[in-house]
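Q: Quick check, what structure comes out for this input:
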Amino acid sequence: MNRLEKEIIKEKKKSEVLLQKVNTELDQLNSEHARIKVSAKGKFLQLYIWDEGYDGTNGRYLSKVEKGRAVNIVQGEYYRKLKVILEKRLRLMDRTLLGLKNSSISDAYKLLGKGKQRLVDPIEVYDERYRKEWEQCEYIGKQFEENAAEIYTDRGERVRSKSEKIIADKLFKENIAYRYEYPLDVVQLGTFYPDFTILDEVNRRNIIFEHFGLMDNEEYANNAVSKIQIYSRAGYILGDNLYITMETSTKPLDSRILDGIIKQIKR
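A: Numbering: from 1, shown residues only. Below you'll find the predicted structure:
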């Protein structure tokens, strides 16, 4: 699924929620269908109604006492108009999604066959190939100390802590492409090794995920803050392309926070 389809699906869900709310409000409102005319006279409104039994040309003037009735009628009119627009938007988005599904840009490349594909340089690399090439990137990560504990993930890679294993296994289970301790060069500051570099497939960019595991150690905590500041200066924004988790000796990694981050990354 490409970026455009995901954005349309997101908008479709918003419209569906609004439509449900509109239908609920209409059911509860039970408003009249009488015609209302509103004339603005400075700060004041003059209300006229054409209701049952009235056959005049200019409508019957509504007094202040009857203003609530006018509000009810106009509110119902607004909801009915909004309902028509939302239903139209949903039909349009459904047709668009169907059209995009049946006319993917990558189809032109896929239909060539594997032999011919090797002779072609496609204008746009389709998502599956882009992810595969990203995952196959070779790199040299940060070296382990000689006496460091040997902890391995379900994917078979060595990590530095049990919490990093939990994070790595969760990413792997959720089919999120990532690299462990992939080198990041920051201008004038040198090379850093973020715990996890995650592929944002929709936007085709990298997301940094750092876990700070010794936050009750003052020196470690200060270094963690410095690292976050460095990422910020390098263009990484918390909650966008930078995510962090923390723990102390008495406050371990919260799986609920991790699940929330995973959900945010997959959106």
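Q: Give the next helix or strand downstream of the helix or strand that contains residue 13.
A: For residue 13, the host element (DSSP states H and E) is helix 3-29. Next along the chain after helix 3-29, taking DSSP H and E as the criterion, comes strand 35-41.
Q: Show me what that next one pairs with in its sheet, parallel or antiparallel.
A: Strand 35-41 pairs in its sheet with strand 44-50 (antiparallel), by DSSP bridges.
Q: How far does the partner strand sit from its chain's centre?
A: Centroid separation between strand 44-50 and its chain, computed with CA atoms, centre = their mean, to the nearest Å, is 45 Å.
Q: list the buried ones in the helix or strand that that strand is followed by?
A: Counting by DSSP H and E, the next helix or strand C-terminal to strand 44-50 is strand 60-62. Neighbour counts over strand 60-62 (16 or more other CB atoms under 10 Å) mark residue 62 as buried. Yep, even glycine has a C-beta here, placed from its N, CA and C like the rest.
Q: now swap in stretch 13-28 and tell me
A: Buried positions in stretch 13-28, judged by neighbour count with 16+ other CB under 10 Å: 15, 18, 19, 22, 25, 26.
Q: Over to stretch 151-168?
A: Residues of stretch 151-168 classed as buried by neighbour count (16+ other CB under 10 Å): 153, 157, 158, 159, 160, 161, 163, 164, 165, 166, 167, 168.
Q: Would you check how far apart the fifth one and residue 153 are?
A: When distances are taken as CB to CB, to the nearest Å, residue 160 and residue 153 turn out to be 11 Å apart.
Q: And the strands in the stretch 101-250 of the chain?
A: For the stretch 101-250 of the chain, the strands defined by DSSP state E, counting those that start in this stretch occupy 151-152, 158-159, 178-180, 184-186, 190-192, 196-200, 205-212, 242-246.
Q: Export those strands to CSV and append columns for mean pLDDT and distance to residue 267.
A: Listed next are the strands of the stretch 101-250 of the chain as CSV, based on pLDDT from 0 to 100; distance: least, CB to CB, whole Å:
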stretch, mean pLDDT, distance to residue 267
strand 151-152, 96, 30
strand 158-159, 96, 26
strand 178-180, 96, 16
strand 184-186, 90, 23
strand 190-192, 90, 26
strand 196-200, 95, 10
strand 205-212, 95, 12
strand 242-246, 96, 12
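Q: Which one, of these, ends up nearest to residue 132?
A: strand 196-200 (10.7 Å; CB to CB).
Q: Can I get that closest one in CSV, CA atoms only?
A: As requested, the backbone C-alpha atoms of strand 196-200 are provided in CSV (Å, rounded to 0.1, in the frame of the first residue of the first chain):
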residue,chain,number,x,y,z
PHE,A,196,17.4,0.9,16.1
THR,A,197,17.0,2.6,12.7
ILE,A,198,13.5,1.8,11.4
LEU,A,199,12.3,2.0,7.9
ASP,A,200,9.3,4.3,7.4
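Q: how much does that strand deviate in direction from strand 242-246?
A: 140 degrees (axes from the mean of the first three to the mean of the last three CA atoms, to 10 degrees).
Q: Start at 215, not 1
A: From this message on, residue numbering opens at 215, which makes the last subject strand 410-414.
Q: who's in contact with strand 410-414?
A: Contacts to strand 410-414, defined as CB atoms under 8 Å, 6 or more residues apart in numbering, come from residues 345, 348-349, 381-382, 385, 390-394, 396, 398, 420-425, 455, 479.
Q: Derive a ChimeraX selection command for the buried subset of these.
A: Here is the ChimeraX command that selects the buried residues among the contacts of strand 410-414 (16+ other CB under 10 Å):
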select :345,348,381,382,385,390,391,392,393,394,396,398,420,421,422,423,424,425,455,479
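Q: re the thing from before, and which of the buried residues of stretch 227-242 is nearest residue 313?
A: Once CB to CB is applied, the member of these that ends up nearest residue 313 is residue 229, at 17.8 Å.
Q: Quick check, pLDDT for the closest one.
A: Residue 229 carries a pLDDT score of 96 in this model.
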